[in-house]
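Visitor: After the sequence you'll find the predicted model.
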Amino acid sequence: MSATTANAGAAPAAPAAPGAFRPPNMALTTLGLALASFMQVLDTTIANVSLPTISGNLGGSSSQATWVITSFAVSNAIALPLTGFFTRKFGERRLFMWATMLFVIASFLCGLANSMGLLVTARALQGFVAGPMYPVTQALLISIYPPHKRGQAIALLAMVTVVAPIAGPILGGWITDNYSWEWIFFINIPIGIFACLVVGNQLRGRPERLENPKMDYMGLAMLVLGVAALQIMLDLGNDEDWFNSTKIVVLTIVAVVALAVFVIWELTERDPIVNLRLFRHRNFAAGTAAMVLAYAAFFSISLLVPLWLQRNLGYTSIWAGLATAPIGILPVLLTPFVGLYAARFDLRLVASAAFIVMAFTSFIRSGFNLDVDFNHVAMVQLWQGLGVALFFMPVLTILLSDLEPHEIAAGSGLATFVRTLGGSFAASLTTWAWGQRSTIHHAQLTEHISAHDPAIQQTVNTLGNGDATRGALALNQMISQQAAQIGFNEMLHLIGILFLVVTVFVWFAKPPFTAKAGGGAAAAGGH
């Protein structure tokens with residue numbers, strides 16, 4: 001299919017021994033890779049709380065401002081499954097450097113944007129070049145660490161996956177309030193340059209097996225069309241009242257048809273742009289299924305809890321961020337130990353323990369009421385962090401365990417792509433379902449209220465200080481809050497059940513959960 005070439009710094013006569021390449025400074029290389037990954041994941045959420053300020057400064061509407069998020073998400077989702085193709089063509093080291101530098105340039109353009117159109121375009125570019133960064137970072141970390149230390153490398157990336165999205169809104173709000181919104185993008189510049197220089201220098205001479213794969217134009221076209229239509233449909237669904245909107249119906253049809261053609265084409269194409277045949281690996285299929293469902297449940301909680309704190313309990317965005325932030329404490333503290341000791345146990349048991357902990361904390365939240373205090377909310381978030389600390393590393397290790405060395409970057413990109421889509425579905429469906437259940441409970445609660453009931457009349461007069469109209473509005477607000485609370489409790493109870501169901505999936509995986517040995521440059525992690 002293609003010729004195999006050596007990287008410029010590798011000895012052309014003899015390929016490297018399996019796993020032989022080690023950077024001169026492992027700690028510095030790990031820092032550079034982790035910083036790049038943290039920067040990329042951080043930017044998925046850092047602009048969220050700054051949208052009102054951005055739209056005001058650039059003269060855009062609130063609906064236009066949401067495209068700052070949507071454009072990043074759409075292009076990122078398109079690029080993720082292309083990671084395997086890019087690594088085959090350019091190599092992991094070169095792909096990392098190009099993606100990181102283009103991310104820095106895109107961030108600079110975002111900060112310089114003087115119109116909403118330019119900002120959305122720059123964010124789309126930023127999202128696309130960010131796509132391969134996390135998967136290729138994962139592949140590079142796995143390749144440079146010896147087998148007995150790879151769990152620590154995966155645990156480090158797992159911590160980044162958890163902490164960065166939590167830090168994003170808090171950091172973004174603080175920068176916007178104290179400086180200006182442009183700096184939420186400009187802070188990427190020194191971080192990205194440092195990471196690029198360090199990793200490029202430390203990994204110089206790393207063996208890379210390069211190929212010249214032909215471009216699968218049909219697969220690429222169906223991927224772009226299907227993913228773009230699906231992501232836009234999910235982002236706009238709640239605002240457009242879902243299938244009552246012609247726009248949503250058309251987007252859904254386009255997404256379903258394009259993705260169906262994409263799957264059929266990729267499974268029958270001799271050299272597909274996205275290797276869906278990776279799902280033939282048992283552990284990859286089981287681990288990815290567990291990752292997608294568990295991440296969707298986790299993402300739903302991460303979305304619902306801040307919204308509930310602000311809408312029902314009256315928290316500001318900053319206080320809502322502080323109340324939810326403790327979820328990152330235990331992952332940061334426990335990550336070194338999980339990476340060091342988790343492999344001594346059956347990773348299916350570790351993952352199951354994580355899901356049980358997160359199910360338990362979800363069930364606790366399903367008993368919350370409008371009088372719950374800050375400390376109680378923060379403490380439950382803290383304990384959920386225990387489940388999160390035990391979740392990502394074992395599941396990532398399981399899903400990567402039966403891939404060939406040259407399949408790791410493609411597998412990581414494909415798993416991350418499916419996980420991202422799972423998060424998008426969760427974001428749309430949970431907020432929609434919460435709204436629907438709140439409406440139903442509001443109707444049920446008002447069925448028991450009569451304007452002719454003396455007790456109701458007295459309540460209305462009391463709430464309105466004698467003004468019946470004001471009192472009725474206040475009573476309706478109370479009912480709405482209670483209805484939303486009941487809906488919230490139902491959603492969290494359902495999410496808790498989902499976590500318990502996910503436990504079953506990891507047991508379809510089969511030990512051993514260690515990376516396969518390979519030969520030559522492939523074993524060193526190259527493509």
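Guide: The structure has been received and is ready for your questions. Treat the numbers as computed from the prediction; the structure is a model and nothing was measured.
Visitor: Could you look up the SS state of residue 95?
Guide: helix (DSSP: H, G, I helix; E, B strand; the rest coil).
Visitor: Could you pull up the residues touching the closest residue to residue 305 other than its chain neighbours?
Guide: Leaving aside its chain neighbours, residue 305 sits nearest to residue 324 (5.6 Å; criterion: CB to CB, 6 or more residues apart in numbering). All C-beta spots, glycine's among them, are computed from the backbone N, C-alpha and C. Residues in contact with residue 324 (CB atoms under 8 Å, 6 or more residues apart in numbering) are 166, 302, 305, 306, 309, 377, 378, 381.
Visitor: buried residues in the helix or strand where residue 324 lies?
Guide: Assigned by DSSP states H and E, residue 324 falls within helix 317-324. Judged by neighbour count using 16 or more other CB atoms under 10 Å, the buried positions of helix 317-324 are 317, 320, 321, 322, 323, 324.
Visitor: list the contacts for the first one?
Guide: Going by CB under 8 Å, 6+ apart, residue 317 touches 49, 169, 173, 306, 310.
Visitor: for the protein, which residue is closest to the average position?
Guide: In the chain, the C-alpha nearest the mean C-alpha coordinate belongs to residue 420, at 5.3 Å (CA atoms, centre = their mean).
Visitor: separation between that residue and residue 41?
Guide: Residue 420 sits 11 Å away from residue 41, going by CB to CB, to the nearest Å.
Visitor: what's the answer for residue 360, then?
Guide: 27 Å.
Visitor: quick one: the helix or strand harbouring residue 230 to chain centroid distance?
Guide: Element membership for residue 230 (DSSP H and E) is helix 217-236. Here helix 217-236 is found 18 Å from its chain centre; the criterion is CA atoms, centre = their mean, to the nearest Å.
Visitor: do stretch 140-153 as well
Guide: Centre-to-centre, stretch 140-153 and its host chain are 22 Å apart (CA atoms, centre = their mean).
Visitor: Could you work out the end-to-end span of that stretch for me?
Guide: Across stretch 140-153, the terminal residues are separated by 10 Å (CA to CA, to the nearest Å).
Visitor: What residues sit buried inside it?
Guide: 140, 141, 142, 143, 144, 145, 150, 151, 152, 153.
Visitor: For these, work out which two are farthest apart.
Guide: Between any two of the buried residues of stretch 140-153, the greatest separation by CB to CB is 16.0 Å, found for 140 and 151.
Visitor: how far away is residue 285 from residue 150?
Guide: Applying CB to CB to residue 285 and residue 150 gives a distance of 21 Å.
Visitor: Least confident of the contacts of residue 324?
Guide: Of all those, residue 166 carries the smallest pLDDT score, 74.
Visitor: What is the subsequent helix or strand relative to the helix or strand it falls within?
Guide: Assigned by DSSP H and E, residue 166 belongs to helix 150-178. Downstream of helix 150-178, the first helix or strand assigned by DSSP H and E is helix 183-186.
Visitor: What is the subsequent helix or strand relative to that next one?
Guide: helix 188-202.
Visitor: For that following helix, list the C-alpha coordinates in CSV.
Guide: Provided in CSV are the C-alpha atoms of helix 188-202 (Å, rounded to 0.1, in the frame of the first residue of the first chain):
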residue,chain,number,x,y,z
ASN,A,188,-2.4,29.4,25.3
ILE,A,189,0.4,31.1,23.4
PRO,A,190,3.3,30.7,25.9
ILE,A,191,2.0,27.3,27.0
GLY,A,192,1.8,25.9,23.5
ILE,A,193,5.2,27.2,22.4
PHE,A,194,6.8,25.8,25.5
ALA,A,195,5.2,22.4,24.9
CYS,A,196,6.0,22.3,21.2
LEU,A,197,9.7,23.2,21.8
VAL,A,198,10.2,20.8,24.7
VAL,A,199,8.4,17.8,23.0
GLY,A,200,10.0,18.4,19.6
ASN,A,201,13.5,18.5,21.1
GLN,A,202,13.1,15.6,23.5
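Visitor: Give me the helices and strands touching that helix, please.
Guide: helix 26-42, helix 92-112 (3 or more CB pairs under 8 Å, 6 or more residues apart in numbering; DSSP states H and E).
Visitor: Just the mean pLDDT for it, thanks.
Guide: 91.
Visitor: Taking their axis directions, that helix and helix 26-42 sit at what angle?
Guide: Relative orientation of helix 188-202 and helix 26-42, computed by axes from the mean of the first three to the mean of the last three CA atoms, to 10 degrees: 140 degrees.
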